[in-house]
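Colleague: Generate coordinates for the sequence data below:
(one chain, ligands or ions: 2)
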Amino acid sequence: MAFAVGIMSGTSLDGVDAALVEIHGTNTDTTVQLMEFATLPLGTEIVKKIKEVLSIETSSVDKICSLNVELGYVFSEAVKAVCEKADFPLEKVDFVASHGQTIYHLPVPGDHQLASTLQIGESAIIAEETQTTVVSDFRTRDMAVKGQGAPIVPYSEFVLYRDEKRTRLLQNVGGIGNVTVIPAGAQMEDVLAFDTGPGNMIIDELCQQFYQEAYDKNGEHAAIGKVDQALLSEMMAHPYIERPYPKTTGREDFGVEYTGALIEKWKNTVVQDDFIATATQFTAQSIAVNIRDFMDHQSDLIIGGGGSYNPVLVQMIKEQLPGRTVLIQEEVGFSSEAKEAIAMTVLANQTIHHLPSNVPSATGATKPVILGKITYVH
Ligand SMILES: Nc1ncnc2c1ncn2[C@@H]1O[C@H](COP(=O)(O)OP(=O)(O)O)[C@@H](O)[C@H]1O
Ligand SMILES: [Mg+2]
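Modeller: Ligands and ions are numbered 1, 2, ... in the order given. Predicted coordinates for the structure are as follows:
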């Protein structure tokens, strides 16, 4: 048995999620109890710095070098915050599992490049600040055996959600949408996972540009707006949507450049709330198109991540999947917001026990490998 804190900061840049858990067992016998969850909001200054380093136009090596250490301190604060909230002594935490902030992900390299990925947030700083063993940098080991290094959560989803009788699809709606398909009675090699396309990324960008709001709180703008069919058709024609899996995506495909170009082209024909409604419909439809074939009447689609708190988006997904069971994490007794931070603790628990936790059928890796790097304090 161990106490662990999982730290996750996704592509949305909304905050650093920290989950304090009690974890038992290993491999498929792993069980996790969530003790406390906290999100440490990211201040505007640091969000600006992160956005600067992840854009090729504004990034530079000195900014990356410094931000790596700065994020180490931010992640340490998140560890402390969740322990304080739980009134749980930091000294009793056995290990911290830190995903890091992805600043670049290059699973399919261009000319003169190698397949690679870069998550920053220095583990040496986290270890020193929290005086706790840190497991970090999970993706690179999978890439060393020809995997895409993503998706990273299917192992914990297989361990925690598999069912003998029902096929379970875990759809995460973060900045990007990604799904893990766990067929009824599956072995790990039967698990599939891939990115469905955008999650909240386009909706968030539109809200920021139109209203200086971080996101469409409870889908309020989308609820007022009307879907514009012409714009929707153009969005659905994005080549990523129909591309066969395995596939992964990111800001490179659906970031500010993509949304900015759409706004430029359509701003005189589509009013703001209609734009947001259309982007929400696109997000829902891109998810449905990508997962429909995996679902039958013995399947549950379980939606997690911040997007599960947008009722308009959830309703649009349901409408795209008539007759299918569509639930959100909370309805099956799990926390939507804590899911990925919890997943990190499952991966790190495997690492600590010298056990693998990549899912080759999901990442394309040639074999199971032990993910992560360990930073010791003593
Ligand atoms: N109440 C809400 N209403 C609508 N959208 C929400 C709500 N809460 C969170 N979100 C969306 O979820 C996003 C954060 O999701 P999250 O799962 O943390 O993503 P990531 O893993 O990319 O950080 C926010 O940017 C926002 O778009
Ligand atoms: Mg987040």
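Colleague: Identify each buried residue in the host helix or strand of Ile203, please.
Modeller: Using DSSP states H and E, Ile203 sits within helix 201-211. Buried residues in helix 201-211, counted by 16 or more other C-beta atoms under 10 Å: Met201, Ile202, Ile203, Asp204, Glu205, Leu206, Cys207, Gln209, Phe210. C-betas here are computed from N, CA, C, even on glycine.
Colleague: do the same with stretch 243-250
Modeller: Neighbour-count burial for stretch 243-250 [16+ other C-beta under 10 Å]: Pro246, Lys247, Thr248, Thr249, Gly250.
Colleague: So which of the buried residues of helix 201-211 reach ligand 1?
Modeller: Filtering those for neighbours of ligand 1 using C-beta under 6 Å from any ligand atom leaves Ile203, Asp204.
Colleague: Which of the buried residues of helix 201-211 sits closest to ligand 2?
Modeller: Asp204 (10.7 Å; C-beta to the ion).
Colleague: How much space separates the closest one from Glu257?
Modeller: 15 Å (C-beta to C-beta, to the nearest Å).
Colleague: Kindly report the residues of the stretch 101-250 of the chain close to ligand 1.
Modeller: Gly174, Gly175, Asn200, Ile203, Asp204, Tyr215, Asp216, Lys217, Asn218, Gly219.
Colleague: just the buried members of those?
Modeller: Gly174, Gly175, Asn200, Ile203, Asp204, Tyr215, Asp216, Gly219.
Colleague: what number of residues lie near Asn68?
Modeller: 21 (other C-beta atoms under 10 Å).
Colleague: Next: Ser308.
Modeller: 23.
Colleague: which ones are touching it?
Modeller: Val173, Val314, Ile328, Gln329, Glu330, Ser336 (C-beta atoms under 8 Å, 6 or more residues apart in numbering).
Colleague: could you flag which of those are buried?
Modeller: Of these, these count as buried by 16+ other C-beta under 10 Å: Val173, Val314, Ile328, Gln329, Ser336.
Colleague: Which pLDDT value goes with the closest residue to Arg168 other than its chain neighbours?
Modeller: Spatial nearest neighbour of Arg168, excluding adjacent residues (C-beta to C-beta, 6 or more residues apart in numbering): Ile182 at 4.7 Å. Looking at Ile182, its pLDDT is 97.
Colleague: got the contact list for Thr39?
Modeller: Here Thr39 is in contact with Asp14, Gly15, Val16, Asp17, Ala18, Glu337 (C-beta under 8 Å, 6+ apart).
Colleague: let me redo that: Glu91
Modeller: Gln131.
Colleague: what about it, which SS state?
Modeller: What DSSP: H, G, I helix; E, B strand; the rest coil gives for Glu91 is helix.
Colleague: next one: Thr102
Modeller: Under three-state DSSP, Thr102 comes out as strand.
Colleague: now the strands for the stretch 1-150 of the chain?
Modeller: 2-9, 15-24, 31-41, 95-106, 116-120, 133-136 (DSSP state E, counting those that start in this stretch).
Colleague: residue in the stretch 1-150 of the chain nearest to ligand 1?
Modeller: Closest to ligand 1 within the stretch 1-150 of the chain is Gly10: 2.2 Å, counting by C-beta to the nearest ligand atom.
Colleague: With adjacent residues omitted, what lies nearest to that residue?
Modeller: Gly174 (4.4 Å).
Colleague: follow-up on the earlier one: just give me the neighbour total for the residue of the stretch 1-150 of the chain closest to ligand 1.
Modeller: 22.
Colleague: Same check on Val108?
Modeller: Neighbours of Val108 under the rule other C-beta under 10 Å: 10.
Colleague: cool, and Ile370?
Modeller: 16.
Colleague: where does it fall, helix, sheet strand or coil?
Modeller: Applying three-state DSSP: Ile370 is coil.
Colleague: Show me which of the buried residues of stretch 243-250 is closest to ligand 1.
Modeller: Among these, and counting by C-beta to the nearest ligand atom, the member closest to ligand 1 is Gly250, at 10.2 Å.
Colleague: What segments of the stretch 101-250 of the chain are helices?
Modeller: Taking DSSP state H, counting those that start in this stretch to define them, one finds helices in the stretch 101-250 of the chain at 123-130, 139-144, 154-161, 201-211, 220-224, 229-236, 239-242.
Colleague: Compare those and give me the one nearest Thr366.
Modeller: Nearest of those to Thr366, taken as C-beta to C-beta: helix 139-144 at 9.8 Å.
Colleague: Now do the contacts for the closest residue to Asn178 other than its chain neighbours.
Modeller: Spatial nearest neighbour of Asn178, excluding adjacent residues (C-beta to C-beta, 6+ apart): Asp195 at 4.6 Å. Asp195 sits next to Ala150, Pro151, Ile176, Gly177, Asn178, Val179, Lys247, Thr248, Thr249, Gly250 when contact means C-beta under 8 Å, 6+ apart.
Colleague: can you check Val69 too?
Modeller: Neighbours of Val69 in contact, by C-beta under 8 Å, 6+ apart: Glu122, Ile125.
Colleague: and if you look at the one 3 residues further on?
Modeller: Neighbour list for Gly72: Gly121, Glu122, Ser123, Ala124, Ile125, Ile126, Glu129 [criterion: C-beta under 8 Å, 6+ apart].
Colleague: out of the contacts of Ser308, what pair is the most spread apart?
Modeller: That would be Val173 and Glu330, which, of the contacts of Ser308, are the farthest apart (C-beta to C-beta) at 13.8 Å.
Colleague: Which entry within the buried residues of stretch 243-250 corresponds to the minimum pLDDT?
Modeller: Out of the buried residues of stretch 243-250, that is Pro246, at 78.
Colleague: who are the neighbours in contact with that one?
Modeller: Pro246 touches Gln148, Phe194, Ala362, Thr363, Gly364, counting by C-beta under 8 Å, 6+ apart.
Colleague: Most neighbours of all those, which one?
Modeller: Ala362 (29 neighbours).
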